[in-house]
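**Student:** Below are the sequence and a predicted model; questions follow.
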Amino acid sequence: MKKILILGSTGSIGRNALELIRNNRDNYQVIGLSGNRNIDLLKKQIEEFTPKYVCVRYEKDREYLSAEYKNIDFFVGDKGLSEISKYTDYDIILTAVSGSIGIDGTVEAIKREKRIALANKETMVAAGTYINRLLKKYKNTEIIPVDSEHSAIFQSMQGYRKEDIKKLIITASGGTFRGSSLDDLKNVTVEQALKHPNWSMGKKITIDSSTLVNKGLEIIEAHELFQIPYEKIEVIVHPQSIIHSMVEYVDGSIISQMGVPDMKTPILYALTYPQREYNSAIKAMDFSKYTNLTFEKADKEVFRGIDLAYRAGKEGHTMPTVLNAANEVAVDLFLNKKIRFLDIYSIIEEAMDSHKILSLDSEEALKLIKEVDRETRIKVKEKWGR
Ligand code: NDP
Ligand code: MG
């Protein structure tokens, strides 16, 4: 019986994880849950999974829920996400909050050398350098990626030598606006951008997919997770999202992982690795429905998210932190209809251009990352959040 703590249980990844667990209550115990705005759903999840620990964002929600659930230990706010990861008795933590607020929970889990099922890619982008240094010290920590591309790469690396890798090939659906010109994108609406062709996900990542900033974040995530140089990481558009990514080896062999586009598959793998487990929530692939798997180059001129990420990643240190923070604010402003779609790229680029990189080689790295994250957010909001 594995004890699971889910940060962000009310989100898209969190709900998928709970669906898997619902089908296999003998193997998993949900020890902790966390939510932000969706307290109604959090309450339903508490009723169904009877966790010992719950983290909420606001004190008023703690008061409301703790009056009803007297046996639960409650945690509150950003500090709560860190504390629930630091003090509670779990075997696996699923980090499924959205954004760089996921950093602290991951850091605490690493310090306790736990299994981390990592969905929260922003942590690896904003703080990857620091996380990797921490992992050298806490060697028994296991980070198993949940992001489908990274799960595919992780799986395609099993049993092979890292030295033999020629390159990582990250697949991209191309997003909602695949094939569009810059002119087409000038006036696209939030509603249009939220329609993803293949995946059903939270709003932030859905916008990131439409700008391909998501693919950019994934390039940095792959670099940090697998310690592969940027020159050996490529992106290819594969609109059907069946091949979830690939690893090319020096002898020309390409190993890939495929399956229906359903996040439950990589979530389950991160929970069960190195074993595999049947779960009735995951539908089998019907090849007769996918007779045409295609590949094309990504349009980097229009979708600048990819090259901005290569630049941030190669410049390194605090630059990916800036890219991530600027993007988080930009996406929020776009969702609130304060800026236009293409402004997202301008905001990221402007933030990067004006940033003086700080070295993360010091003991103060995490503090610096947080300062840069906060300052970038303030700057972008001041200029664009009228
Ligand atoms: P959602 O927006 O659906 O869910 C986010 C979760 O985090 C919710 O539980 C939300 O609570 C909670 N949350 C949001 N803001 C805060 C905050 N300030 N403090 C505490 N909790 C907060 O996102 P997804 O599930 O789509 O994505 C989660 C992570 O997984 C992201 O990092 C994303 O990039 C990554 N990922 C997601 C994929 C997907 O298919 N969805 C695929 C690959 C990676 P509430 O809903 O109650 O407000
Ligand atoms: Mg992905």
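**Tutor:** It's in. Ligands and ions are numbered 1, 2, ... in the order given.
**Student:** Let me see the contact set for the closest residue to residue 305 other than its chain neighbours.
**Tutor:** Closest residue to residue 305 apart from its sequence neighbours, by CB to CB, 6 or more residues apart in numbering: residue 213 at 3.5 Å. No exception for glycine: its C-beta is placed from N, CA and C like everyone else's. By CB atoms under 8 Å, 6 or more residues apart in numbering, residue 213 lies in contact with 305, 308, 309, 327, 344, 348.
**Student:** okay, among the residues you listed, which ones form the most distant pair?
**Tutor:** 309 and 344 (12.9 Å; CB to CB).
**Student:** Pick out whichever of these two has more residues nearby.
**Tutor:** The neighbour count for residue 309 versus residue 344, taken as other CB atoms under 10 Å, is higher for residue 309 (29 against 26).
**Student:** For the more buried one, give me the pLDDT.
**Tutor:** If you check residue 309, the pLDDT there is 98.
**Student:** From here on, call the first residue 23.
**Tutor:** From this message on, residue numbering opens at 23, which makes the last subject residue 331.
**Student:** does the nearest residue to it once chain neighbours are set aside sit in a helix, a strand or a coil?
**Tutor:** What sits nearest to residue 331 in space, not counting adjacent residues and going by CB to CB, 6+ apart, is residue 238, at 2.7 Å. What DSSP: H, G, I helix; E, B strand; the rest coil gives for residue 238 is helix.
**Student:** Counting neighbours, what do you get for residue 238?
**Tutor:** Residue 238 has 29 nearby residues by other CB under 10 Å.
**Student:** same deal with residue 311?
**Tutor:** When neighbours are counted by other CB under 10 Å, residue 311 comes out with 9.
**Student:** related to what we said a few turns ago, what's the closest of the contacts of residue 235 to residue 403?
**Tutor:** residue 349 (13.2 Å).
**Student:** close enough to count as contact, that closest one and residue 368?
**Tutor:** No. Judged on CB atoms under 8 Å, residue 349 makes no contact with residue 368 at a distance of 11.7 Å.
**Student:** what about these two, which has more around it?
**Tutor:** Using other CB under 10 Å, the more surrounded residue of residue 349 and residue 368 is residue 349, with 32 against 15.
**Student:** Report the contact partners of the more buried one.
**Tutor:** 230, 235, 239, 366, 369, 370.
**Student:** do you know how far the fourth one is from residue 392?
**Tutor:** Going back to what we said before, that points to residue 366. Distance, residue 366 to residue 392, by CB to CB, to the nearest Å: 23 Å.
**Student:** And for the first one?
**Tutor:** Between residue 230 and residue 392 the distance, using CB to CB, works out to 22 Å.
**Student:** Quickly check the contacts of residue 349 for the two that are furthest apart.
**Tutor:** It's 239 and 369 that sit farthest apart of those, by CB to CB, at 15.0 Å.
**Student:** Neighbour count: these two, which is higher?
**Tutor:** With neighbours defined as other CB under 10 Å, residue 239 and residue 369 compare such that residue 239 has more, 26 against 23.
**Student:** Look at the more buried one and report its pLDDT.
**Tutor:** At residue 239, pLDDT is 98.
**Student:** Over to residue 221?
**Tutor:** 80.
**Student:** Equivalent analysis for residue 174, please.
**Tutor:** 98.
**Student:** Show the average pLDDT along the host helix or strand of residue 398.
**Tutor:** Assigning secondary structure by DSSP states H and E places residue 398 in helix 387-406. For helix 387-406, mean pLDDT is 98.
**Student:** how far does stretch 48-59 sit from the chain's center?
**Tutor:** Relative to its parent chain, stretch 48-59 has a centroid offset of 18 Å by CA atoms, centre = their mean, to the nearest Å.
**Student:** and that stretch, how far apart are its ends?
**Tutor:** 30 Å (CA to CA, to the nearest Å).
**Student:** List the buried residues in it.
**Tutor:** Neighbour-count burial for stretch 48-59 flags 50, 51, 52, 53, 54, 55, 56, 57, 58 (criterion: 16 or more other CB atoms under 10 Å).
**Student:** Am I right that the fifth one is in contact with residue 77?
**Tutor:** Yes. Assessed by CB under 8 Å, residue 54 is found in contact with residue 77 at 7.2 Å.
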